[in-house]
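Student: Okay, sequence plus prediction incoming.
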Amino acid sequence: AMKAMKSVKSISKTGLADAVAMATELKKSDIMKVLTCLAEVVAKEVKKTGKVTLPGMCMIKTRLKPATKAGKREMFGKVCFVKAK
């Protein structure tokens, strides 16, 4: 069974830039430019193809979730009116 994930704070952009700058001996400002550019390229590719792979790290995919229909739904024993999304 899957355990509930604890709310772990993810590394910030500046934190990531600091870590990479320390490891590569490059300027932090240069790393920030690279991260910004990478984010733009990844966003553009995901929009275009629906999938991007960062080798050795992760794959980012878009998923299609069906729309929720409007109507009455029972939640926690109460009947609620649900808007279409």
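Tutor: Cool, the structure landed.

Student: Strands of this structure, residue ranges please.
Tutor: Using DSSP state E, the strands of the chain run over residues 51-54, 58-61, 71-75, 78-82.

Student: possible to save those strands as JSON lines with mean neighbour count?
Tutor: Using the backbone N, CA and C atoms, a C-beta is placed for each residue, glycine as well. What follows is the strands of the chain, written out as JSON lines (neighbours: other C-beta atoms under 10 Å):
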{"stretch": "strand 51-54", "mean neighbour count": "13"}
{"stretch": "strand 58-61", "mean neighbour count": "11"}
{"stretch": "strand 71-75", "mean neighbour count": "9"}
{"stretch": "strand 78-82", "mean neighbour count": "9"}
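
Student: Specify the stretch among the ones you listed that is closest to residue 10.
Tutor: Closest approach to residue 10 among those is made by strand 58-61 (12.8 Å; C-beta to C-beta).

Student: Show me how far the closest one is from its chain's centre.
Tutor: With C-alpha atoms, centre = their mean, to the nearest Å as the basis, the distance from the averaged C-alpha position of strand 58-61 to the chain average is 9 Å.

Student: which ones are touching the residue nearest the centre of the chain?
Tutor: Among the residues of the chain, the smallest C-alpha distance to the mean C-alpha position (C-alpha atoms, centre = their mean) belongs to residue 60, namely 8.1 Å. Contacts here follow C-beta atoms under 8 Å, 6 or more residues apart in numbering; on that basis residue 60 touches 42, 46, 51, 52, 53, 54.

Student: How about the contacts made by the third one?
Tutor: So that's residue 51. Residues counted as contacts of residue 51 (C-beta under 8 Å, 6+ apart) are 45, 59, 60, 61, 62.
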